[in-house]
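[1] sequence first, then the predicted structure:
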Amino acid sequence: MCWAVPSVVKRIEGGIAFVDPGDGVERPAVVGIEEGQLQVGDLVMVHAGVIIAKVDMESLKESMEMWKQMARELAASTGEDPDAAAKVIEEEMWRVLKIAEEVRQGVSRGLKELA
């Protein structure tokens, strides 16, 4: 199975963005989203050498409640503690948000943790 890799945009030249997946090496990626939406420093998802999505920090924060509710419902249906399940999701989402914010500030070392 092939996954999308979180990367930070380092530079853009025409329809090609050079992205860093967290190892400090810039790689070319075809801009597969509306090019006007993309800026240097953006966190993006890259699949098979194509940028398929820009990660929106506000959307990530808003989706946290949805994920927590889904975790509660799944835990309740399997006899596990719904609040404990929601706490695990919340802790993981805050970890992801922290890494994403560091990436936006130019620190990409934690990016590999998201892959």
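    Noted; the coordinates are in hand.
[2] helix/strand/coil for the residue sitting furthest away from the middle of the chain?
    Of all residues in the chain, G79 sits farthest from the chain's C-alpha centroid, using CA atoms, centre = their mean; the distance is 30.7 Å. What DSSP: H, G, I helix; E, B strand; the rest coil gives for G79 is coil.
[3] and it, what does it touch?
    Not one residue lies near G79 by CB atoms under 8 Å, 6 or more residues apart in numbering. All C-beta atoms are positioned from the backbone trio N, CA, C, and that covers glycine.
[4] go on, the one 4 residues further on?
    Under the criterion of CB under 8 Å, 6+ apart, the contact partners of D83 comprise R72.
[5] so where does it fall, helix or strand?
    helix 82-104 (DSSP states H and E).
[6] so how far is that helix off the chain centroid?
    Its chain's average C-alpha position is 11 Å from that of helix 82-104, according to CA atoms, centre = their mean, to the nearest Å.
[7] what's the answer for stretch 54-72, then?
    The answer for stretch 54-72 is 12 Å, by CA atoms, centre = their mean.
[8] what does stretch 33-45 give?
    For stretch 33-45, the distance to the chain centre is 13 Å (CA atoms, centre = their mean).
[9] ends of it, how far apart?
    Length of stretch 33-45, first residue to last, CA to CA, to the nearest Å: 11 Å.
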